[in-house]
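*Asks:* Can you look at this prediction? I've put the sequence above it.
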Amino acid sequence: MQEKNIKPNTKTIKKSNRKKYEDFPLSLALFDALPVLFFSAAVVLIGLNYKNSFFITSLILCTLAGVGKVLWKIIIAATKRDIAWMNRQLRILMPAGFLLIIIGIVTGPTNIHTLKGEIFSLPSGILFGITLLGMVLMSIFAVRLDGTKLRSNWIEQITNAVAQGCFLLGVICLL
């Protein structure tokens, strides 16, 4: 008996392994823009007062990452097509942007002790605490919730909107 070397059809495998996001409504995609707008506005306000090239570059990277993710969800909601790289880019651009934020703070003109005192003052300290809690929850959600489920996405987006809204309000309180 002769054994045949059977190769699986890789297109079929890739398609069957691809996550299904077809249930995403346009309302979720549009709501996803809120945290991006809140975060971008907060970082622009900081950047206007804290002129540092690392910080400005981080603003661009983080905003591009957020806008890319929002556009990805809009495309899924409108066309039912999953353009995977638009989802994955967030995992590259966002950490790079956050790293540049840290470098910008460390190399910037503001004394770290002064900055620490301002961040922990009231009411901004409470608002930044809520932001931090929201980011911790988002990290837990990334591991525990199924990102393809509509309910999970609403939980993530509401948490992110509250966290980024508090971040923006905290920044406004510091101005």
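*Replies:* Nice, thanks for sending it over.
*Asks:* so where do the strands sit in the chain?
*Replies:* Using DSSP state E, no strands are found in the chain.
*Asks:* what residue ranges in it are flagged as low confidence?
*Replies:* Where the chain drops to pLDDT under 70, the residues are 1-22, 111-114.
*Asks:* now the spatially most central residue of it: how far from Val143?
*Replies:* Central residue of the chain (C-alpha atoms, centre = their mean): Gly66, 5.5 Å from the mean position. From Gly66 across to Val143, the span is 21 Å (C-beta to C-beta, to the nearest Å). For glycine as for every other residue, the C-beta is placed from the backbone atoms N, C-alpha and C.
*Asks:* what do you get for Ile119?
*Replies:* Ile119 is 28 Å from Val143, by C-beta to C-beta.
*Asks:* same deal with Ile76?
*Replies:* Distance from Ile76 to Val143, counting by C-beta to C-beta: 22 Å.
*Asks:* before we move on, what about Lys80?
*Replies:* Lys80 is 27 Å from Val143, by C-beta to C-beta.
*Asks:* Those two - which one has more neighbours?
*Replies:* Taking neighbours as other C-beta atoms under 10 Å, Lys80 and Val143 compare with Lys80 leading, 12 against 6.
*Asks:* Helices of this structure, start to end?
*Replies:* Applying DSSP state H to the chain gives helices spanning 10-17, 26-31, 33-49, 53-79, 84-88, 90-107, 112-119, 124-144, 150-174.
*Asks:* mind listing what's buried in stretch 153-161?
*Replies:* 153, 156-157, 159-161 (16 or more other C-beta atoms under 10 Å).
*Asks:* Could you do stretch 48-62 as well?
*Replies:* So, applying 16+ other C-beta under 10 Å, buried residues of stretch 48-62: 50, 52, 54-55, 57-59, 61-62.
*Asks:* Contacts made by that stretch with the rest, please.
*Replies:* With C-beta atoms under 8 Å, 6 or more residues apart in numbering as the test, stretch 48-62 has contacts from 39-40, 43-44, 46-47, 93-94, 96-101, 103-105, 107-110, 175.
*Asks:* Just the buried ones from those?
*Replies:* 39-40, 43, 46-47, 93-94, 97, 100-101, 103-105, 108.
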